[in-house]
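>>> fold the following, please.
(2 chains)
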Amino acid sequence: MDCTKAREMIQDHIDGRLPPDAARAVREHLGACRACAAEEEELRRVGDMLRLWSAVQVGERELALSPLWTRVRAGIEERKEPGLARLLRRWFWVPVAAIVAVVALLFYPSDGARVPFHPKSFDVTVESLESDTATVALVDKGKGLPRVIWIIENGKT
Amino acid sequence: MGRPDSHPGRRLTAIAFIGLLLIAQIAVASPDAQVAIDVGVVVASQDGPTIDPELSSIRNQLQSMFNYSSYRMIDRLKRTLSVDETGEFGLPGDRSMRVTPVPAKGNKVRLAVQIMEGERNLLTTTLGLSRGGMVIVGGPSYRKGVLILIISAE
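Residues are numbered from 1 along each chain as shown, chains lettered A, B, ... in the order given. As a prediction, this is how the structure comes out:
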């Protein structure tokens, strides 16, 4: 076997794709030809490096795929959950929001301070009435009108 | 056989809402012992024909009772008090009013009211009102007019 023929077959020999007779012939040539043996060695080293690089690439891609896989797996797990648990988890926020709304309505400081007066009744009983420093009078102008307690401060009013 | 409920969450929400509203209703309605005091601090004077919008609902009563042309509300004070709890309301002109709900029967509210000017006791009275009733206390001078306190209890 000459060098040209041997070099055509070296890669297939490395890959183990040659029939046994051809592989033996190549091995014999490589044993006798230092240049072809060096070529074979070089090709093997390149092959090793390519395999190493490929392994690194696959590892990186696996990292990128990991979150996607996590989501897919979570979806599968969710499908496996019992119906009630899934519903509770899905609708949990609704009663919580309702509670928050009611509590807010209960405790919100409404500015009813500026609502006009709407008395239901002017019916008032004055049980006692006294003053140490003024004259006080109870004014009753009849039904439909409020009763008025008037403080007369030493002739001022 | 009934059709399966396609939105059980909504039913759950509706039940939760109704329950909470009932609780809220009970929480608001149950403290019968509490009295909401609402005091409108009004300055009545002859200083122009103005009447505060908050007094629009009792405009006729005010005009029938008094002879002033202007009714200006300068403050509105609200407190919710328990029976025997005293609430202090600051009034203009170094005056103050202390209101204490006292035990009452039925739908009635009894209020012990004391109005002070500094250390001077201007008025001490005990009033019995229906819930939602109103009484007016007035007379102390203030600037160019007089002070009128519109007191209602719910």
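>>> C-alpha only now, for contacts and for neighbours.
Noted.
>>> quick check, the helix or strand where B:R72 lies touching chain A?
Element membership for B:R72 (DSSP states H and E) is strand B:70-82. Yes. Using Cα under 8 Å from any Cα of the partner chain, strand B:70-82 reaches chain A at B:76-78.
>>> quick one, domains of chain A?
Here the domain parsing of chain A from automatic domain parsing is A:3-93, A:119-157.
>>> most tightly surrounded among these?
domain A:119-157 (a mean of 16; mean count of other Cα atoms under 10 Å in any protein chain shown).
>>> per-residue confidence averaged over that domain?
Averaging pLDDT along domain A:119-157 gives 83.
>>> please spell out which residues along the strand holding B:R72 are buried.
Residues B:70-73, B:75-76, B:78-79, B:81-82 are the ones in strand B:70-82 that count as buried (16 or more other Cα atoms under 10 Å in any protein chain shown).
>>> dump it to CSV, keeping only the CA atoms.
Only the C-alpha atoms of strand B:70-82 are listed here, as CSV (Å, rounded to 0.1, in the frame of the first residue of the first chain):
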residue,chain,number,x,y,z
SER,B,70,-75.0,83.9,57.7
TYR,B,71,-74.4,80.4,59.0
ARG,B,72,-70.9,79.2,58.4
MET,B,73,-69.7,75.8,59.6
ILE,B,74,-66.2,76.2,60.7
ASP,B,75,-65.7,72.6,62.0
ARG,B,76,-67.3,69.3,62.1
LEU,B,77,-66.4,66.9,64.9
LYS,B,78,-67.3,63.3,65.1
ARG,B,79,-66.7,60.7,67.8
THR,B,80,-68.0,57.3,68.6
LEU,B,81,-68.3,56.9,72.3
SER,B,82,-69.3,54.0,74.6
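>>> buried stuff in the helix or strand following it?
Counting by DSSP H and E, the next helix or strand C-terminal to strand B:70-82 is strand B:87-91. By neighbour count on 16+ other Cα under 10 Å, the buried set for strand B:87-91 is B:87, B:89-91.
>>> okay, now the sheet partners of strand B:87-91, with direction.
strand B:95-102 (antiparallel) (DSSP bridges).
>>> average pLDDT across the partner strand?
93.
>>> what angle separates it from strand B:70-82?
Strand B:95-102 and strand B:70-82 meet at an angle of 40 degrees, taking axes from the mean of the first three to the mean of the last three Cα atoms, to 10 degrees as the criterion.
>>> report the distance from strand B:95-102 to the chain centre.
In terms of Cα atoms, centre = their mean, to the nearest Å, the centre of strand B:95-102 is found 12 Å from the chain centre.
>>> now stretch A:16-33: mean pLDDT?
Here stretch A:16-33 scores 90 as its mean pLDDT.
>>> next: stretch B:146-154.
If you average the pLDDT over stretch B:146-154, you get 91.
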